[in-house]
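Asker: Can you look at this prediction? I've put the sequence above it.
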Amino acid sequence: MNRRGALVVGILGVVLCAAAVSAQVDRTPDGRFIMWPTERPPRPLAARDVNFPPYEIRTLRNGMQVIAVLHHEQPAVSMRLLIRTGAVQDPANKVGVATLTASLLDRGTQSKTAEEIADEIDFIGGALATGSGSDLTFANAVVMKDSFDVGINLLADVVRSPAFAEEEIDRQKEQTISSLQVSANDPAYVAGVLLERLVYGFHPYGLPNSGTPETLAAITRADLQEYHRKYFVPNNMVLAIVGDVTGEEAFAAADRAFGGWPRGEVPPVALTAPPEPTRRIVVIDKPDAVQTEIRVGQLAIPRKHNDYMAFDLASKILGGEGANRLHQVLRSERGLTYGAQADSEARKQSGHLVAETATRTETTGEALRLMVDEIAKLQRERVGERELSDAQAYLAGSFPLTIETPNDIATQVLNVIFYELPVTEIGSFRERVQAVTPDDIQRVAKQYIRPDRLSIVLVGNAKAFVPQLQRVGFTDVEVIPIEQLDLMSATLKRETTRVENVPAALLNPARLAYTLSQVNPGTSNPLLKRVLDAKGGTDVLRKVRTVIADADTTFSMEQGPVMSKTRTYVTYPDKFRIDATVAGAQVIQVFNGGNAWARDPAGVHDAPPAMREDFAASVRRDMIPLLLAAADGTVTVRALPDEGVEGQVLKVLELSGPALQPVRLYVENSGLVARQRFSAPGPDGKPVDAEEVFSDYRSVSGVQVPYRAVVRRAGRVILSRTLTQVALNTPIDDKLFARPQ
Amino acid sequence: MRFRIAVFFAASIVAAIALTPLQAAVRPPKLQYQIATLPNGLRVILSEDHSTPIVHVSVWYHVGSKNERAGRTGFAHLFEHMMFKGSKNVEPDSHTSYVSSVGGRSNAYTTEDVTVFWQTLPAQYMPLALWLEADRMATLRIDDVAFRREREVVKEERRLRIENQPYGRLSEIIYDHAFVAHPYKHPTIGSMRDLEAASIADVRDFHGTFYVPENATVTIVGDFDSDEALRMATQYFGRVPKAARPVPRDIPREPEKTQERRAIIEEAWPLPAVVVAYHVPYDGHPDAYPLHITSKILSDGQSARIVNELIYNQRLCLSASGSGNITEHPNLFFAVCIVQPGRTLAEAEKALIAEFDKLKTEGVTPRELQRSQNQFARDYILGRESNEDKALHLAHAAVIHNDITTADGEFDIFMKTSVADVQRVARSYFNQSNRLVVHILPKGGAR
């Protein structure tokens, strides 16, 4: 072939007069010569106006809202009916009612069997779909324009008059249970539902909408009928009619099909509040997995919230289109994953932030560490102007892409109606995006993101990656075999033993689970009561005013152990002082109701904020006031699954509160606390798992005091301490708690 | 950046019209377009739609996993990833951020037949999309570090989509057993071993061989002026040189099947599965149209035969379907049943085969044919709402059929399809000697 030769000659010609052109000669990857300019991207053409297409909203006399969106490009009409009810309205102990109801809508009505409905919609080349989520149920139909009446009448029939035939209920339950069996083996599915369960607890958002084999078994035809009667009323619905019709045709058809349906009272629902965020790492063990599905999340804000836009942008910077730090760090820089994202899942009642990825087993620890660090960084550091403006440019710029098809347009309108937002929000979307500043992002990140209280789920080959987690500082891990996972259980594990003396609860596993997991103020939690009794009893504990303790402490330093003698003074509730002799030097640390100082050979210093916060946290974790706060109900107490630790099975209580970082107490059979675990700032300010191991309990004035304690950070021993002398209620001069001289 | 196996792909590009005046299907409007070929062989398809101020730009390279050589399975898709790793004027990973920073979206996918790169963006940024695509067509950067990292990403993609989820390997299992010679035997994502074996030299060679203008079709749909768009496409793509050699099309043929093949394998899936598959002809073959109709009759909607009979009436399958994966080269028509607990694989096999036999012995009813034609009309109409949809139909017609008029023209072929055609085609292909049956048991489960 001469082509190549000719090309080279041609190029030489260009090279000879290269000064005259901006182009230059390059080689293609396979070695061919080409002439290709060095240039910047072309300038855009003139911008077009973006106009939201016309739509109209009317309310029928019975309260049903109807939206008409006219679009005449294709001869089809789509109908989207939303009912403001979903899994949130599931009756107590009957998780799955809303989902089952929705799936049965098109499986037979008063006048048509399931097969007749299927035949009718399929024959006209239409489609009908029903389903539900946490907050809503939908019934959608699409038909060609000449079948509009058939379509809307069928839609009205399935929503208004479902038969709930026993045979169909049975069939649908069987399908659901088989599907659950498949889903329960799908790591991505398991990771997603478990994360929501950890974040929302027993709030309906935390429970599997489709129910479980146990809850489905308990659901009867009467339950479905009652649920339908209560919530399927026209004043609880929004219908969007979209496509090749006129507004008058749309509203007239809606009135004909739905107008005769009388309005009804919609009963309010009482919801369990989602729990206080708490740090928890749950590993679901699937030994044959080749990849680990990772989810990291926490409670955030609902959709209808003044901070929604700023928070949504913050989440997009973390892991959304137009920015996505997670993708950058995990995929582009390290090739750890095919994808990493974060999203603010803002729903009607509440919302959460979730970051997700999947990575090979061998890189699980690394990927989790990076994800958690990115979340902490977003909370800690101000975002750059450029990064924010990129995220804004995408979000605002892509608006015309979100109004392309008739259904896109309907979605926009349905969203504002459903979340009860002003309809002007559609038109002002781009301005509201652009109005967000780095200060706003900083503020919402500080306000809502809690890097020390993240819920973390990992689904994969636990044996292979749990040691990695420990190496990167996640030591406090619960491992549950995948076949034992039960989202309806307070412990997340299938109950093998039944709780005694709660016969009613046996009938209602969901209620039982709920009861066991909830805040138990006072000593009604039997384990808490046992701990209090073992410690000395509430009455004795309440009388403790001061502690003076001498100890020999060994610090594990890199260069070797360093011995120290210490004397600690405590005056409850909020003063302490430690006098230490370390390597011949005197060191004093004082904390007094929020102020903190340190004195060392170099002089007296105000404690830096991080140290002050660390002191304050250790005061809140002090066992005596901590247990009393639990007894008084001023902190939340939760029972967690038993854990085997170094060959011993321990019961676990978690205490947390608005000002109290979650602390876990690992309790021996005797009721004595053998370990305490919590999250503490590491050397670089990022949280690490901290653990204190107690032993050699001795009675001091009726209070059991552990004479020996070992303190670990991120799995490494940093100090061990042996008490030599302890005195309770010896008066302490308040001057000791003043700023040292 | 994602790959997909284009099952049912071709099904969406065909349509039907009612045969009887009783229930005339609404006829979809015809697509308006023009097509041009630049001197370097690149084809440009333009279709204006001014309803929303956005534009979709796609580039189809006529290369997919069936063009891979032995020992390099998965390479077409791995190469697709490399197209995001920078070119002369575009830094690595910047393609996506250029597009997103103006509010656009972009991505790519690879099938057995084609590799498609696309962007949808506000209309005024059409020049940006054309410029970006031309830059990487001509001057892709090839860097060993980036290649190795991206190979790890693709291995994660394989783990995510194929290995780590229940039924993820189903398609791979079917094709591995069904084919012996044609590269449809191997999955688009490839094998771990072949991905590991791929080298930077392969990347260079692949770009020079397949990523050349005569193997590319640029489709622009949306809010623009065609004259201006063609001028710009010519400006940016016109300077890409022709290939040094013709694009190779030497793909091994699959031999005729002469006897039934059966396989029993084990997978760690929660419920067992049965597959019944038949070899069928290529997209565009006259028999392909009745086969599309058959797919609808068996699987589209709750009233379709397999759905209604095996899932609803017999309660034998958790999910079940049967349809043709009709592609550029002869492929498969296959049915799958995920078997309900307590039911046997033998029952499921018998029930699936019974449905195929019924098509041969009893044929289909005029009403069923009518229904499937109405469903085609629906797919035609709803499948052309967005610019991306329209670009897909136009490019598919131009690349796979090498005849853009089929984007609309197939509609009439369906009009002429009769119940006799459906039965004749069933008798031609749904035969035991042309059949593969696979039983997939849960690992360690009793047989």
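Answerer: The structure has been received and is ready for your questions.
Asker: gap between stretch A:46-60 and the chain center?
Answerer: 35 Å (Cα atoms, centre = their mean, to the nearest Å).
Asker: My error: substitute stretch A:392-409 in the last question.
Answerer: Put simply, stretch A:392-409 sits 27 Å off its chain's centre (Cα atoms, centre = their mean).
Asker: do stretch A:458-466 as well
Answerer: For stretch A:458-466, the distance to the chain centre is 20 Å (Cα atoms, centre = their mean).
Asker: what's the straight distance from one end of that stretch to the other?
Answerer: By Cα to Cα, to the nearest Å, the extent of stretch A:458-466 from end to end equals 10 Å.
Asker: Endpoints of stretch A:464-479, how far apart?
Answerer: End-to-end distance for stretch A:464-479: 12 Å, by Cα to Cα.
Asker: Helix or strand: which one has residue A:173?
Answerer: Residue A:173 belongs to helix A:166-183 when assigned by DSSP states H and E.
Asker: where does the stretch 201-350 of chain B come near chain A, residue by residue?
Answerer: Within the stretch 201-350 of chain B, the positions near chain A by Cβ under 8 Å from any Cβ of the partner chain are B:203-205, B:207-209, B:223, B:228, B:239-242, B:244-245, B:268-271, B:300-304, B:308, B:311-312, B:315, B:318, B:338, B:340-341. (C-beta placed from N, C-alpha, C; glycine too.)
Asker: Tell me how many other residues surround residue A:731.
Answerer: Each residue near residue A:731 was counted by other Cβ atoms under 10 Å in any protein chain shown, and the total is 9.
Asker: By proximity to chain A, which residue of the stretch 51-200 of chain B wins?
Answerer: Residue nearest to chain A within the stretch 51-200 of chain B: residue B:103 (1.8 Å; Cβ to the nearest Cβ).
Asker: Next, that residue: phi, psi?
Answerer: Dihedral pair for residue B:103: phi 90, psi 20, per degrees, to the nearest 10.
Asker: Then residue B:439?
Answerer: The phi/psi pair for residue B:439 (degrees, to the nearest 10) is phi -110, psi 130.
Asker: Residue B:322 pairs with what?
Answerer: Taking DSSP bridges, one finds residue B:335 as the beta-bridge partners of residue B:322.
Asker: you'd agree it is up against residue B:300?
Answerer: No: in this structure, residue B:322 is not within contact of residue B:300 by Cβ atoms under 8 Å, at 10.6 Å.
Asker: My read is that residue B:208 contacts residue B:243, right?
Answerer: Yes: using Cβ under 8 Å, residue B:208 is in contact with residue B:243, at 7.3 Å.
Asker: the more surrounded of those two?
Answerer: Applying other Cβ under 10 Å to residue B:208 and residue B:243 shows that residue B:243 carries more neighbours, namely 21 against 18.
Asker: which residues touch the more buried one?
Answerer: B:41, B:208-209, B:212-215 (Cβ atoms under 8 Å, 6 or more residues apart in numbering or on different chains).
Asker: Helix, strand, or coil at it?
Answerer: Secondary structure, DSSP: H, G, I helix; E, B strand; the rest coil: residue B:243 is coil.
Asker: now it: how far from residue B:42?
Answerer: According to Cβ to Cβ, to the nearest Å, residue B:243 stands 11 Å off from residue B:42.
Asker: Now chain A against chain B: closest residue?
Answerer: In chain A, the residue that lies nearest chain B is residue A:397 (1.8 Å; Cβ to the nearest Cβ).
Asker: nearest residue to that residue other than its sequence neighbours?
Answerer: residue B:103 (1.8 Å; Cβ to Cβ, 6 or more residues apart in numbering or on different chains).
Asker: Just give me the neighbour total for the residue of the stretch 51-200 of chain B closest to chain A.
Answerer: Applying other Cβ under 10 Å, we find 25 residues neighbouring residue B:103.
Asker: Residue 183: what's its closest spatial neighbour, skipping adjacent residues?
Answerer: Assuming you mean chain A. residue A:189 (4.5 Å).
Asker: Actually, chain B is the one I wanted.
Answerer: Nearest residue to residue B:183, sequence neighbours excluded (Cβ to Cβ, 6+ apart): residue B:66, at 4.4 Å.
Asker: Tell me which stretches of the stretch 151-300 of chain B form strands.
Answerer: For the stretch 151-300 of chain B, applying DSSP state E, counting those that start in this stretch gives strands covering B:216-222, B:261-267, B:273-280.
Asker: out of those strands, deepest packed?
Answerer: strand B:216-222 (a mean of 27; mean count of other Cβ atoms under 10 Å in any protein chain shown).
Asker: Report the strands that pair with it, each with its relative direction.
Answerer: So strand B:216-222, judged by DSSP bridges, has these partners: strand B:43-48 (parallel), strand B:54-61 (antiparallel).
Asker: Return the distance of the first one from the chain's centre.
Answerer: Put simply, strand B:43-48 sits 21 Å off its chain's centre (Cα atoms, centre = their mean).
Asker: Not counting it itself, show me its contacts.
Answerer: Against strand B:43-48 from outside (Cβ under 8 Å, 6+ apart): B:31-38, B:216-226, B:229-230, B:233-234, B:237, B:390-391, B:394-395, B:398, B:404.
Asker: ok, now with 7 Å
Answerer: Outside of strand B:43-48, the residues within contact range by Cβ atoms under 7 Å, 6 or more residues apart in numbering or on different chains are B:31-38, B:217-221, B:224, B:226, B:229-230, B:233, B:390, B:394-395, B:398, B:404.
Asker: Any figure for the gap between residue A:104 and residue A:113?
Answerer: Applying Cβ to Cβ, the value for residue A:104 to residue A:113 is 13 Å.
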